[in-house]
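Peer 1: Show me how the following folds:
(chains A and B)
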Amino acid sequence: AQTVTQSQPEMSVQEAETVTLSCTYDTSESDYYLFWYKQPPSRQMILVIRQEAYKQQNATENRFSVNFQKAAKSFSLKISDSQLGDAAMYFCAYRSPNTGNQFYFGTGTSLTVIP
Amino acid sequence: EAGVAQSPRYKIIEKRQSVAFWCNPISGHATLYWYQQILGQGPKLLIQFQNNGVVDDSQLPKDRFSAERLKGVDSTLKIQPAKLEDSAVYLCASSFLGTALNTEAFFGQGTRLTVV
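Peer 2: The predicted structure is shown next:
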């Protein structure tokens, strides 16, 4: 099974500042997708951003962008102009084409936004 | 568009009792997932359905957990008998096309189970 590692259990950022959440993964596949999900206290996981492995261009969604380094198997999330509503657990996920299109999740990073 | 519906939202049971969770995926979503999320951990896949067939149940503790997806729509997850270590949030998710990698999974709000 693929392994997804998030080495930062907790992170904090000042409101309006920028923060980067790290994610690495282990795979021998060449075609896959990577996702960042946000889980607020309400528990509902919400998609933040996705990245296709075959695309070199990093995905961007408004204040959220990724730094995808395929060779290094790294997929970090950058949140710019942090807002109080960004406070949540963030999970990195890998979707595999060879294991029934399963999603493999990391252990999460708890983000605190300081007013 | 209605989201993934789960019920109940909270459940407290004593060990050795049984419990069932219900999930109604987004209409038209062929793939349905049940995840177990223990406090402080990421979701762990228990079972994945494609329509009403099982794609992967390798991490489902089959001696006590069972799941079904009748007619390829609603799904129920049952635990019998429950153990203390089953205390967790049980998340249901669905996705539109099981073979399309770029398709995201849509999640319900989960059921928080406490076994005492």
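
Peer 1: going forward, measure contacts between C-alpha atoms and count neighbours the same way
Peer 2: Noted.

Peer 1: Low-confidence stretches in chain B?
Peer 2: Screening chain B residue by residue with the criterion pLDDT under 70, one finds the ranges B:1, B:97-102.

Peer 1: quick one: the most centrally placed residue in it and residue A:113, what's the gap?
Peer 2: In chain B, the C-alpha nearest the mean C-alpha coordinate belongs to residue B:34, at 2.6 Å (Cα atoms, centre = their mean). Using Cα to Cα, to the nearest Å, we find residue B:34 at a distance of 31 Å from residue A:113.

Peer 1: What helix or strand is the residue nearest to the centre of chain B located in?
Peer 2: strand B:31-37 (DSSP states H and E).

Peer 1: Briefly note if that strand comes near chain A.
Peer 2: No - shown here: strand B:31-37 not in contact with chain A (Cα under 8 Å from any Cα of the partner chain), separated by at least 8.8 Å.

Peer 1: for that strand, packing partners?
Peer 2: For strand B:31-37, the elements it packs on are strand B:44-50, strand B:88-95, judged by 3 or more Cα pairs under 8 Å, 6 or more residues apart in numbering or on different chains; DSSP states H and E.

Peer 1: who's in contact with the longest one?
Peer 2: Right, strand B:88-95. B:4, B:6, B:23, B:25-26, B:29-39, B:43, B:103-114 (Cα atoms under 8 Å, 6 or more residues apart in numbering or on different chains).

Peer 1: same thing with the shortest one?
Peer 2: If you take Cα under 8 Å, 6+ apart as the criterion, strand B:44-50 is touched by A:102-105, B:30-37, B:54-60, B:67, B:69, B:72, B:98.

Peer 1: distance between stretch B:13-27 and the chain's centre?
Peer 2: 8 Å (Cα atoms, centre = their mean, to the nearest Å).

Peer 1: mind saving the C-alpha coords of that stretch as PDB?
Peer 2: Extracted C-alpha coordinates of stretch B:13-27, given in PDB (Å, rounded to 0.1, in the frame of the first residue of the first chain):
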ATOM      1  CA  ILE B  13     -22.900   2.100  23.100                       C
ATOM      2  CA  GLU B  14     -21.600  -0.400  25.600                       C
ATOM      3  CA  LYS B  15     -18.900  -2.900  24.600                       C
ATOM      4  CA  ARG B  16     -20.300  -6.100  23.200                       C
ATOM      5  CA  GLN B  17     -23.400  -4.300  21.900                       C
ATOM      6  CA  SER B  18     -24.100  -3.900  18.200                       C
ATOM      7  CA  VAL B  19     -24.500  -0.700  16.100                       C
ATOM      8  CA  ALA B  20     -25.300   0.200  12.600                       C
ATOM      9  CA  PHE B  21     -24.400   3.300  10.500                       C
ATOM     10  CA  TRP B  22     -26.200   4.400   7.400                       C
ATOM     11  CA  CYS B  23     -24.900   6.300   4.400                       C
ATOM     12  CA  ASN B  24     -26.700   7.700   1.400                       C
ATOM     13  CA  PRO B  25     -24.200   8.800  -1.300                       C
ATOM     14  CA  ILE B  26     -24.500  11.500  -3.800                       C
ATOM     15  CA  SER B  27     -26.900  10.500  -6.600                       C
END
